[in-house]
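Chemist: from the sequence below, what's the structure:
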Amino acid sequence: MSEPSLPRRVIASNSSDFVLFRIGMRFNGLRGIGPALKTFVRMPKMLAEQQSNPAIGMLWSTTSLSWPVISITQYWRSFEELERYAHADTHIDSWKWFNKLGRNNEGTGIWHETYRISAGTYEAIYANMPLYGLAAVAGSEAISPATARARARIEREPAA
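Modeler: Coordinates of the predicted model:
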């Protein structure tokens with residue numbers, strides 16, 4: 001069962017800097033399914049490690065399936081912590097394993113995107129949702145008449 005929804009409208013606080021990291025794989029055909037699944041089964045170990053140790057720097061994560069792509073969206077405290085994890089043993093072992101198994105297998109594609117997000121440059125609104133995405137990372141605030149519109153939220157000064 002997922003987290004219960006908050007029975008109200010909230011906005012994400014916009015006072016935190018963080019890094020948005022997206023990573024995924026794509027099945028490029030039937031011959032990509034085996035290598036992709038063998039690669040993907042290594043992800044739960046890394047995700048569990050990231051979630052169980054706040055010192056690593058990963059703040060929040062969600063996994064999505066939009067066939068033929070499996071993707072993970074994560075928020076990190078800083079690029080430096082994300083980079084440190086990318087060079088840590090668990091990730092390096094998986095990366096070496098993937099390179100040996102599937103780098104030259106055109107049936108499986110992989111990708112990642114990294115964005116540095118600065119305080120005061122984002123906005124979000126949530127209605128009847130558990131803390132999710134930006135609100136889970138940056139904190140949430142009750143919506144007010146002054147923050148009811150997206151333009152007002154994106155142009156406001158970061159909360160102190």
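Chemist: so G139 touches S13, yeah?
Modeler: Yes - when contacts are counted by C-beta atoms under 8 Å, G139 is listed as touching S13 (4.2 Å). (Each C-beta comes from the backbone N, C-alpha and C, glycine too.)
Chemist: in this structure S13 contacts A136, no?
Modeler: No - with contact defined as C-beta under 8 Å, S13 does not reach A136; the gap is 11.0 Å.
Chemist: kindly export the longest helix seen in the chain (C-alpha atoms) in PDB.
Modeler: Looking across the chain with DSSP state H, the single longest helix is helix 89-101. Presented in PDB, the C-alpha positions along helix 89-101 are these (Å, rounded to 0.1, in the frame of the first residue of the first chain):
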ATOM      1  CA  ASP A  89      31.800   0.000  -5.500                       C
ATOM      2  CA  THR A  90      28.100  -1.000  -5.900                       C
ATOM      3  CA  HIS A  91      27.600   1.200  -8.900                       C
ATOM      4  CA  ILE A  92      31.000   0.500 -10.400                       C
ATOM      5  CA  ASP A  93      30.500  -3.300 -10.100                       C
ATOM      6  CA  SER A  94      27.100  -3.000 -11.900                       C
ATOM      7  CA  TRP A  95      28.500  -0.700 -14.600                       C
ATOM      8  CA  LYS A  96      31.400  -3.100 -15.300                       C
ATOM      9  CA  TRP A  97      28.900  -5.900 -15.400                       C
ATOM     10  CA  PHE A  98      26.600  -4.100 -17.900                       C
ATOM     11  CA  ASN A  99      29.600  -3.200 -20.100                       C
ATOM     12  CA  LYS A 100      30.600  -6.800 -20.200                       C
ATOM     13  CA  LEU A 101      27.100  -8.100 -20.900                       C
END
